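Colleague: the following block contains a protein sequence and its predicted model.
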There are 2 protein chains.
Amino acid sequence: MIIQEQGAAEKILKLLTKSQSHPISGQEIGHLLGMSRTSVWKRIRDLRSLGYEIEASTRSGYRLIRSPDLLIPFEIKLNLRTRWMGRRIHYFQKIDSTNSKAYELALKGAKEGEIVIAESQKRGRGRLGRKWFSPPFLNLYLSVILRPKIPPHQASLLTLMAAVATAEAIEKYSGLQPLIKWPNDILMRNRKVAGLLNEIRSEGDRIDFIILGIGVNLNMKTTQFPQEIRSLATSLKIEKGESISRKEFLQTLLKTLEEWYEIFMKEGGERILKVWREKSRIKGRAVRVTSFGQSFTGRAVDVDSEGALILRIRKGERRRIVAGDIEYFE
Amino acid sequence: MIIQEQGAAEKILKLLTKSQSHPISGQEIGHLLGMSRTSVWKRIRDLRSLGYEIEASTRSGYRLIRSPDLLIPFEIKLNLRTRWMGRRIHYFQKIDSTNSKAYELALKGAKEGEIVIAESQKRGRGRLGRKWFSPPFLNLYLSVILRPKIPPHQASLLTLMAAVATAEAIEKYSGLQPLIKWPNDILMRNRKVAGLLNEIRSEGDRIDFIILGIGVNLNMKTTQFPQEIRSLATSLKIEKGESISRKEFLQTLLKTLEEWYEIFMKEGGERILKVWREKSRIKGRAVRVTSFGQSFTGRAVDVDSEGALILRIRKGERRRIVAGDIEYFE
């Protein structure tokens, strides 16, 4: 079953959430929502199949006992403290890719701040055409639509921004300290806990829109990762040793993203770069970078204002690398 | 009527073109193309309404006397000397915008070198959200799909490339010398004869595709321009004093584009930049640049390897401008 935003099941859920301690009869629900008692009952059955514990008594009616950790839009909005980010949520149980969907919506005119979330992705994508492992109900797959009035060459600053915001959301939520890896992975104990994929449409000198794709491994156990990435990936649950509320994490992340985006639009990229540098601890590290088939080793000097990596290859010779994969030697 | 690529009318046209001097009967055409004589006759009528002069005699059949200057794909391909550029042509009598159509086709997987042309555009677009005046049958409205394996920050080099190729095609065809105006207009006698609008889709560190939109004013008369742009725009016909074959100009342009694109992919941007600098004669000129609401005056020093304009504002102070509008003072 797919719960659409403001679908019948979601409306019932809203009613049950509001009247939490008091049971509410099928007749009353039907009356309030203009549905028959039978269709109310069918939607209740759907909700139960999703993991909602709903008590039913023939005398008094339905009562919500416990919610599963789903990313149902109205539940997210309940405690969302943002002003505009994520105020419109496109929610899917299963989707090809949240980024592709967000791109499609943006082409059709979706507004800044609209987001796409999914419980699982059939074709989750990472950088450089790689896959992003996206099993259901465990993690966060989020795409945010932004329409900044900036020239295309500044777009990479927004990737850095998304990395900073994601790392900060992880810190706020867990108290742990993740590391940003150039250009856009988030590591814990040297394993990937989150990844970012931005997609941009630009027209002449303007950005039409940017899709910030953010995948965060939240409740995966080690054994749930495919064998080949088990030693390379981790989740917040593994790191923290306890289950993560996906809802609360998403709320934290959206709030952090909104704050950083507003800083960027007001002040430009300097503060983002400063925090990015702190959280990446990249300066001075010995690295190998593979970029468009070429490999460079050297010492990372800095990341410049367009997000490019400055590498000192040998004394007096520096190289600016705009895209690629990095490995640390130390 | 819209002639689709390889539609019935186009097939008939092909037959008539092949047997130019010998008439060919409706029956024979019908037999060769699997059509009834009546539908052959209807398509002949359509072709005539487009301006094709087709002689018909009841005894001997149909004979093509003269073709109008339409951009019918098979006629373009007849003398097209490219290897891959424009080998697949999406042709429209009327369209919203060739760039929008090309973007849509590229999203669906259209290949490098496929082009979109239209006789007219309902919503022809220029830079910065401006309109591009696009009346039927007079000019060239072309969009080229490219899929270069380069990082997004190099995309602006392809805009410079398109400017160089368009200017060169104008030179080859007319013997006249246009001037490139930063970033992507082509001027003759200080009036705009052509404009470029690139649209890019990028994903992470990769370009997915670039749409090069090229509009060239070919056969417009001064009085055919709207009053408000009459002193700012010109056409190749006005400049050269004679009618332009749109077909031949397009063939020249596609060939030039293919050559420059291959140079770019093989050698990188240096030669493009060199020729761009020559054809723009921008070095040392006093200019005012308006960029994202800010205005700068100074002397143009150069255009750098990413297509940005380097401006000397005062002694010792330079500014790098990536997007904007330029005015010359001298």
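Modeller: Happy to help now that I have it. Fair warning: this is a prediction, and the values are worked out from it, not measured in the lab.
Colleague: can you give me the separation between A:Arg314 and B:Ile263?
Modeller: Distance of A:Arg314 to B:Ile263, computed by CB to CB, to the nearest Å: 31 Å. In short, each C-beta sits where N, CA and C put it, glycine included.
Colleague: between those two, which is the more surrounded one?
Modeller: When A:Arg314 and B:Ile263 are compared on other CB atoms under 10 Å in any protein chain shown, the one with more neighbours turns out to be B:Ile263, at 18 against 9.
Colleague: give me the three-state assignment for the more buried one.
Modeller: B:Ile263 carries the three-state label helix when classified by DSSP: H, G, I helix; E, B strand; the rest coil.
Colleague: any idea which element the residue nearest to it when sequence neighbours are not counted lies in?
Modeller: In this structure, B:Ile263 finds its nearest non-sequential neighbour in B:Arg271, 5.7 Å apart by CB to CB, 6 or more residues apart in numbering or on different chains. Under the assignment given by DSSP states H and E, the secondary-structure element containing B:Arg271 is helix B:270-280.
Colleague: what mean pLDDT does that helix have?
Modeller: Taken as a whole, helix B:270-280 has an average pLDDT of 94.
Colleague: wait, what's in contact with A:Leu212?
Modeller: For A:Leu212, the contacting residues are A:143-144, A:146, A:158-159, A:162, A:196, A:198, A:257, by CB atoms under 8 Å, 6 or more residues apart in numbering or on different chains.
Colleague: what pLDDT does the model give the residue in chain A sticking out farthest from the centre?
Modeller: Among the C-alpha atoms of chain A, the one farthest from their average position, using CA atoms, centre = their mean, is that of A:Arg59, at 43.2 Å. The confidence metric pLDDT takes the value 84 at A:Arg59.
Colleague: check A:Thr38 too.
Modeller: Here the pLDDT value assigned to A:Thr38 is 90.
Colleague: ok, back up a step: for the helix holding B:Arg271, name the packing helices and strands.
Modeller: Helix B:270-280 makes packing contacts with helix B:155-174, strand B:179-181, helix B:246-267, strand B:294-303 when contacts are defined by 3 or more CB pairs under 8 Å, 6 or more residues apart in numbering or on different chains; DSSP states H and E.
Colleague: tell me the residues of chain A that contact chain B?
Modeller: For chain A, the residues in contact with chain B under the definition CB under 8 Å from any CB of the partner chain are A:125, A:127-129, A:149-153, A:155-156, A:183-184, A:197-206, A:292, A:306, A:308, A:322-324.
Colleague: now stretch A:118-136: mean pLDDT?
Modeller: Averaging pLDDT residue by residue across stretch A:118-136 gives 85.
Colleague: residues contacting it, please?
Modeller: A:70-71, A:91-101, A:137, A:141, A:184, A:195, A:197, A:213, A:215, A:220, A:224-226, A:229, A:233, A:325, B:203-206.
Colleague: and the end-to-end length of that stretch?
Modeller: Start-to-end span of stretch A:118-136 (CA to CA, to the nearest Å) is 8 Å.
Colleague: and it, how far out from the chain middle?
Modeller: Here stretch A:118-136 is found 12 Å from its chain centre; the criterion is CA atoms, centre = their mean, to the nearest Å.
Colleague: quick one, what contacts A:Gln37?
Modeller: Slight slip there: residue A:37 is Arg, not Gln. Going by CB under 8 Å, 6+ apart, A:Arg37 touches A:26-27, A:30.
Colleague: restricted to helices, list these.
Modeller: For the contacts of A:Arg37, the ones inside helices are A:26-27, A:30, with DSSP state H as the criterion.
Colleague: export those residues to CSV and append columns for neighbour count.
Modeller: Formatted as CSV, the ones in helices among the contacts of A:Arg37 follow (neighbours: other CB atoms under 10 Å in any protein chain shown):
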residue, neighbour count
A:Gly26, 20
A:Gln27, 12
A:Gly30, 17
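Colleague: save those as CSV, and put in pLDDT and distance to A:Thr17 too.
Modeller: Compiled in CSV, the ones in helices among the contacts of A:Arg37 are given as follows (pLDDT from 0 to 100; distance: CB to CB, whole Å):
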residue, pLDDT, distance to A:Thr17
A:Gly26, 90, 17
A:Gln27, 89, 19
A:Gly30, 92, 18
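Colleague: go through these and name the one nearest chain B.
Modeller: A:Gly30 (44.0 Å; CB to the nearest CB).
Colleague: these two touch, right, that closest one and A:Val40?
Modeller: Yes: contact status for A:Gly30 versus A:Val40: in contact at 4.9 Å, counting by CB atoms under 8 Å.
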